[in-house]
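K.L.:
this is a predicted model, with the sequence first.
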Amino acid sequence: MRQNPQAPRRVVIVDDHAIFRAGLRSELGDQVQVLGEAHDVDTAVDTVRAAMPEVVLLDVHLPGGTGGGGAEVVKLCRDLLEQITFLAISVSDEATDVVSVIRAGARGYVTKTISTDDLLDAIDAVAEGDAVFSPRLAGFVLDAFGTSGMAEDVRDEELDRLSGREVEVMRLIARGYTYREIASELFISIKTVETHVSKVLRKLQLSSRHELTRWAEQRRIV
């Protein structure tokens, strides 16, 4: 539970699902002051700059921009990081998603299974300058910014070009999944899978599925 609650924290909610934004606003109630909402990269940047909240609750996988998702929002607001704090809140617990948004400048990363009280505590903590992570995610950050072998893998500049969803598709391609199997696994259409694969190949300057598989294996992210 929150200890000694002060004035409601001023927040902006960024998520591409309207029902999640509405649910989060309802759950947080009057314990925060929601200054605005956004559903994609471009509107997020505009809303954050206009509202100047204390904390931005940021989904990792967002449409718009150049495909960088939540990490791209943070990067485009990097000049405001002394005044605004970003707290990622996502269904994803993939190391690449966690590390990319933290590297961009977010102060914390929690999953959407978090309780309301814990989320309120996390909002307070990052607003005060602390870093907050869901328990199993902290290890990813320690690995990435510590001395373990994973550090070089997740700091790969080429990997940083990919959005979280593109990394998911890339990993499944490298594991030998068909487009149809990937579509079923990620609950997206086959055409969307094809679009993601094309973007991945273009961003990584690769020409075939075989080259993509070898690229992923070299980085031990299969």
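P.N.:
Alright, I've got the coordinates. What you are looking at is a predicted structure, and each value in this text was computed from that prediction instead of being measured.
K.L.:
from now on I want contacts and neighbour counts done on CA atoms only, so please keep to that.
P.N.:
Fine.
K.L.:
and the closest residue to Thr113 other than its chain neighbours, how many neighbours?
P.N.:
In space, and not counting its chain neighbours, Thr113 is closest to Val91: 7.7 Å by CA to CA, 6 or more residues apart in numbering. Val91 has 12 neighbouring residues, counting by other CA atoms under 10 Å.
K.L.:
surely Val91 touches Thr111?
P.N.:
Yes - the pair Val91 and Thr111 passes the contact test of CA atoms under 8 Å, sitting 5.4 Å apart.
K.L.:
measure Gly176 to Ser208 for me?
P.N.:
13 Å (CA to CA, to the nearest Å).
K.L.:
and the one helix or strand Arg214 maps to, what's its mean pLDDT?
P.N.:
Assigned by DSSP states H and E, Arg214 belongs to helix 209-218. Averaged over helix 209-218, pLDDT sits at 81.
K.L.:
in that helix, what's buried?
P.N.:
Leu212, Thr213, Trp215, Ala216 (16 or more other CA atoms under 10 Å).
K.L.:
go on, stretch 19-31?
P.N.:
Arg21, Arg25.
K.L.:
let me see the mean pLDDT of that stretch.
P.N.:
Mean predicted confidence for stretch 19-31 is 94.
K.L.:
contacts for it?
P.N.:
For stretch 19-31, the external contacting residues (CA atoms under 8 Å, 6 or more residues apart in numbering) are Pro8, Arg9, Ile13, Val14, Asp15, Val34, Glu37, Thr116, Leu120.
K.L.:
and the last one, that's in a strand?
P.N.:
The one in question is Leu120. No - assigned with DSSP: H, G, I helix; E, B strand; the rest coil, Leu120 falls outside any strand and is helix.
K.L.:
what about it, how many neighbours?
P.N.:
Residues near Leu120, counting by other CA under 10 Å, number 18.
K.L.:
tell me where this structure has strands.
P.N.:
Counting by DSSP state E, the chain has strands at residues 9-14, 32-38, 55-58, 85-90, 108-111, 132-133.
K.L.:
out of those strands, flag the one nearest Glu194.
P.N.:
strand 85-90 (24.2 Å; CA to CA).
K.L.:
can you list the helices and strands that the closest one packs against?
P.N.:
Helices and strands touching strand 85-90, by 3 or more CA pairs under 8 Å, 6 or more residues apart in numbering; DSSP states H and E, are strand 55-58, strand 108-111, helix 116-127.
K.L.:
residues making contact with the first one?
P.N.:
It refers to strand 55-58. With CA under 8 Å, 6+ apart as the criterion, strand 55-58 contacts 9-15, 48, 70, 84-90, 123, 126-127.
K.L.:
quick one: buried residues of it?
P.N.:
By neighbour count with 16+ other CA under 10 Å, strand 55-58 contains the buried residues Val55, Val56, Leu57, Leu58.
K.L.:
let me have the residues you listed in TSV, adding pLDDT and distance to Ser184 as columns.
P.N.:
Formatted as TSV, those follow (pLDDT from 0 to 100; distance: CA to CA, whole Å):
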residue	pLDDT	distance to Ser184
Val55	97	35
Val56	98	32
Leu57	98	29
Leu58	97	26
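K.L.:
make JSON lines out of the residues you listed and add distance to Thr66.
P.N.:
Listed next are the buried residues of strand 55-58 as JSON lines, based on distance: CA to CA, whole Å:
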{"residue": "Val55", "distance to Thr66": "23"}
{"residue": "Val56", "distance to Thr66": "20"}
{"residue": "Leu57", "distance to Thr66": "20"}
{"residue": "Leu58", "distance to Thr66": "17"}
